[in-house]
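Novice: using only what follows, build the 3D model:
(one chain, ligands or ions: 1)
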Amino acid sequence: MASRSVLTGVGSYLPKRVLSNAELSRRVDTSDEWIVERTGIRERRIAADGEKTSDLACAASVKALEAAGRDAKDIDLVIVATTTPDLTFPATAARVQAELGVSHGAAFDIQAVCSGFIFALATADNFLARGQAKAALVIGAETFSRIMDWEDRGTCVLFGDGAGAVVLEAREDAADRGVISTFLRTDGRMHDLLYVDGGPSETQTVGKVRMVGNAVFRHAVEHISGAMLEACARAGVSLDDVDWFVPHQANQRILDGVARKLGIDVDKVVSTVALHGNTSAASVPLALDVAVRDGRIKSGDLVLMEALGGGLTWGAALIRV
Ligand code: UT7
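Specialist: Below is the predicted model of the structure:
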């Protein structure tokens with residue numbers, strides 16, 4: 001029997017500091033009404049001074065390990081999806097591995113911006129399926145507040161900090177549980193729609209987020225819908241078979257637009273964007289954790305996750321939890 005990558009635990013972490021729409025509207029020319037109507041976001045979290053992406057990643061991982069009933073010594077693969085690494089190198093995953101006490105196997109970062117968690121999950125699934133690892137920690141962690149232009153109202157109201165993590169284990173006896181299909185896509189021709197205007201090689205600076213919001217919005221609805229249909233087609237299931245949709249939490253209007261386009265019941269769509277804004281690679285596992293812990297997503301449910309981000313990158317993953 002073929003091995004399946006089974007999700008055995010999920011956890012998340014949000015920094016304590018809350019930045020409300022009201023507070024933001026005192027800093028830039030915006031309002032709570034505009035932000036809520038155009039995005040659904042009510043507040044976002046900001047990492048404390050000195051609180052790093054690896055700290056957020058570790059806090060989420062500890063909870064995921066606990067939920068899985070696993071110890072760091074059981075893990076032999078750590079993948080961190082992040083666009084806001086602690087340092088240019090080494091990988092944030094190397095720090096996370098050491099902090100958690102994972103003492104064997106590989107650890108590396110994945111850079112696919114807001115799609116990072118989907119890319120990391122697909123990567124881990126391939127490692128497990130090939131027998132190259134037995135138990136993986138797959139993490140999405142970001143301190144996007146560090147790369148915001150706090151004077152650009154078109155972006156600074158959208159993003160926040162946070163982390164989410166899952167434990168994926170290779171199981172021969174998984175029956176129909178585990179990752180069933182994944183779909184990943186990048187189109188680098190759309191690089192300029194969403195990028196950071198700095199980096200070690202080009203500018204020797206960290207840079208700030210730049211986005212053509214309305215163009216990204218249109219691509220998001222189209223490509224996310226396509227990715228969801230493709231992940232289902234690869235698994236031979238229909239959207240009606242899916243119990244829960246766990247989308248990238250970028251904008252409530254994107255969630256609603258995709259649901260409308262595909263005829264999905266909005267009650268099946270997990271939305272947490274109001275509470276933390278767009279946390280990039282962290283948003284899918286953050287939303288997944290909320291819906292698992294509040295009892296909506298139960299063992300045996302078919303869950304479809306999706307995301308789109310800078311690159312552009314996009315993708316979807318279908319998993320029976
Ligand atoms: O996770 C990665 C993927 N990223 C996304 O998915 C984000 C995708 N984009 C979006 O979510 C939306 O495009 C935004 C929320 C960024 C913007 O919403 P929009 O409905 O597309 O607005 P817009 O960019 O077309 O701008 C409409 C107006 C403009 O004013 P004028 O030119 O019509 O006078 C903007 O200057 O809204 C203005 N505006 C704001 N007004 C108040 C832009 N940002 C703000 C703001 N407060 N924060």
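Novice: residues of the stretch 201-321 of the chain that sit close to the ligand?
Specialist: 213-214, 216-217, 220, 250-251, 254, 278, 308-309 (CB under 6 Å from any ligand atom). Placement of C-beta: from N, CA and C, glycine included.
Novice: most surrounded residue in these?
Specialist: residue 308 (30 neighbours; other CB atoms under 10 Å).
Novice: which stretch of helix or strand covers it?
Specialist: Assessed by DSSP states H and E, residue 308 sits inside strand 302-309.
Novice: now do the next helix or strand after that strand: distance to the chain's middle.
Specialist: Toward the C-terminus, strand 302-309 is succeeded by strand 313-320 as the next helix or strand (DSSP H and E). How far strand 313-320 lies from its chain's middle: 11 Å, per CA atoms, centre = their mean, to the nearest Å.
Novice: same question for strand 313-320: list its buried residues.
Specialist: Of all the residues in strand 313-320, those buried under the rule 16 or more other CB atoms under 10 Å are 313-320.
Novice: repeat for stretch 156-169
Specialist: Judged by neighbour count (16+ other CB under 10 Å), stretch 156-169 contains these buried residues: 156-169.
Novice: re the thing from before, would TSV of the residues of the stretch 201-321 of the chain next to the ligand with secondary structure be doable?
Specialist: TSV is the format used below for these (DSSP: H, G, I helix; E, B strand; the rest coil):
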residue	secondary structure
213	helix
214	helix
216	helix
217	helix
220	helix
250	coil
251	coil
254	helix
278	strand
308	strand
309	strand
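Novice: does the spatially closest residue to residue 289 that is not a sequence neighbour lie in a helix or a strand, and which?
Specialist: Nearest residue to residue 289, sequence neighbours excluded (CB to CB, 6 or more residues apart in numbering): residue 12, at 3.9 Å. In the assignment (DSSP H and E), residue 12 maps to strand 4-13.
Novice: that strand: partners in the sheet, and parallel or antiparallel?
Specialist: strand 161-171 (antiparallel) (DSSP bridges).
Novice: now the partner strand, how far from the centre of its chain.
Specialist: Centroid separation for strand 161-171 versus its chain: 10 Å, with CA atoms, centre = their mean.
Novice: next: stretch 244-262.
Specialist: Chain-centre distance of stretch 244-262: 14 Å, with CA atoms, centre = their mean.
Novice: using PDB, write out every CA atom in the strand holding residue 308.
Specialist: In PDB, the C-alpha atoms belonging to strand 302-309 read as follows (Å, rounded to 0.1, in the frame of the first residue of the first chain):
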ATOM      1  CA  LEU A 302     -12.300  16.600   2.900                       C
ATOM      2  CA  VAL A 303     -10.500  20.000   3.000                       C
ATOM      3  CA  LEU A 304      -9.500  22.200   0.000                       C
ATOM      4  CA  MET A 305      -6.800  24.800   0.700                       C
ATOM      5  CA  GLU A 306      -5.700  27.500  -1.800                       C
ATOM      6  CA  ALA A 307      -3.600  30.600  -2.100                       C
ATOM      7  CA  LEU A 308      -2.200  33.200  -4.500                       C
ATOM      8  CA  GLY A 309       0.700  35.500  -4.000                       C
END
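Novice: just the mean pLDDT for it, thanks.
Specialist: Mean per-residue pLDDT for strand 302-309: 98.
Novice: how far away is residue 188 from residue 281?
Specialist: According to CB to CB, to the nearest Å, residue 188 and residue 281 sit 18 Å apart.
Novice: when the two are compared, which one has more neighbours?
Specialist: Ranked by neighbour count (other CB under 10 Å), residue 188 and residue 281 place residue 281 first, with 36 against 8.
Novice: show me what contacts the more buried one?
Specialist: 81-83, 112-117, 120, 140-142, 309 (CB atoms under 8 Å, 6 or more residues apart in numbering).
Novice: over to residue 305?
Specialist: By CB under 8 Å, 6+ apart, the contact set of residue 305 is 117-118, 121, 245-247, 284, 288, 316-319.
Novice: so residue 316 is in contact with residue 303, correct?
Specialist: No. The pair residue 316 / residue 303 is not scored as a contact, 10.8 Å apart, by CB atoms under 8 Å.
Novice: the strand holding residue 12 vs strand 302-309, what angle?
Specialist: Note on geometry: by axes from the mean of the first three to the mean of the last three CA atoms, to 10 degrees, strand 4-13 and strand 302-309 are set 60 degrees apart in direction.
Novice: now the element after strand 4-13, going C-ward?
Specialist: Under the assignment DSSP H and E, the closest C-terminal helix or strand after strand 4-13 is strand 17-20.
Novice: show me what that following strand is packed against.
Specialist: Judged by 3 or more CB pairs under 8 Å, 6 or more residues apart in numbering; DSSP states H and E, strand 17-20 is in contact with strand 43-46.
Novice: which other residues reach the strand it packs on?
Specialist: Under the criterion CB under 8 Å, 6+ apart, residues 14-21, 145, 159-162, 274-277, 279 lie in contact with strand 43-46.
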